[in-house]
Every structure is written in C-alpha cells, then in structure tokens.
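# Give me a model of this one.
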Amino acid sequence: MKTIINTKEAPQPIGPYNQAVIAGGFLFISGQIAIDAASGQLITDNITAETHTVLRNIKAILAEAGLTFDDIVKTTIFLSDMNNFSLINDIYGSYFTGNFPARETVEVSVLPKNVNVEISAIAVKP
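Residues are numbered from 1 along each chain as shown. This next block holds a predicted model:
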C-alpha cells in the first residue's frame, strides 16, 4: 500500500510522477528542481537561489507528510557542474541540524529544464 503526497507549497510534477510517495514507513521524495511553487517560475539566476529553492520545495513536501529534514535518511544530489559542489554543499548543510543523512552527489550532463541542481530524498516516517 502506498500513500501519495502532494502539496501546493511545492511545484507540481512536470511529468507522470508524484511529489512524494509513502510506502513501507518511508517517504520517497521525487527529484526537486528550482521551480517556485507560487509563481511556477524556474529559478536559475544563480546557484545560491536555485539551491535554496530546491531545498524549500523539499521542506514543503516533508511538512505535508508531517516530517522534517531530520527525518531524511538518504539524499541524492545531481549537479550539472561539480565546480558548484562547495557552494551547494554549504547551503545543503544549513538545512540540517547535524543529523545528516547518507548521500551521494553526482555530476550529470543535463538535468530537466537545464537546471543546475536536482535533489531527491528518502525520509523515514516514525
């Protein structure tokens, strides 16, 4: 059995998927890119704003499921340019209280809508 999670506080999916799914006590959050939920605009002016937008979208999905960043057990960060790693890593770290999840970060040749960063996450539902 699975429960679908969608919130208007995060951008609506741009394909045949949901923002997140709860199954087996876990919340699986689809890869989030920097689309502003309120305006629908893509935020790619700078990597700082883009990364914060992605993480705010994840925060909104977590909140809809009754969870926080502390409940995340695994993330995957996709970057279009590994030279942005340090800046994105610093911003990413600021969203956690020190109880960091497992993670991998990979550079890819292209991301949806030609964004610079996409992050997916898995959280455990207590």
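
# mind listing the helices for the chain?
47-64, 85-93 (DSSP state H).

# Look at the residue nearest to residue 111 when sequence neighbours are not counted and report its pLDDT.
Take residue 111 and drop its neighbours on the chain: the residue closest to it by CB to CB, 6 or more residues apart in numbering is residue 118, 5.1 Å away. Using the backbone N, CA and C atoms, a C-beta is placed for each residue, glycine as well. Note on residue 118: pLDDT of 98.

# is it true that residue 118 touches residue 106?
No - between residue 118 and residue 106 there is no contact under CB atoms under 8 Å: 10.3 Å.

# about what we covered before: output the helices of the chain as JSON lines; include the columns mean pLDDT and mean neighbour count.
Below are the helices of the chain laid out as JSON lines (pLDDT from 0 to 100; neighbours: other CB atoms under 10 Å):
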{"stretch": "helix 47-64", "mean pLDDT": "98", "mean neighbour count": "20"}
{"stretch": "helix 85-93", "mean pLDDT": "97", "mean neighbour count": "15"}
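
# re the thing from before, which residues does the residue nearest to residue 111 form a beta bridge with?
residue 78 (DSSP bridges).

# show me the contacts for it.
Residue 118 sits next to 31, 32, 33, 54, 77, 78, 111, 112 when contact means CB atoms under 8 Å, 6 or more residues apart in numbering.

# Widest-spaced pair of those?
Greatest spatial distance in those: 77 and 112, 14.4 Å, computed using CB to CB.

# Compare these two and say which is more crowded by neighbours.
Comparing residue 77 with residue 112 by other CB atoms under 10 Å, the one with more neighbours is residue 77, at 21 against 13.

# For the more buried one, give its distance to residue 102.
Distance check for residue 77 against residue 102: by CB to CB, to the nearest Å, it reads 12 Å.

# excluding its backbone neighbours, what's nearest residue 22?
Residue 22 sits nearest to residue 3 (CB to CB, 6+ apart), 4.2 Å away.
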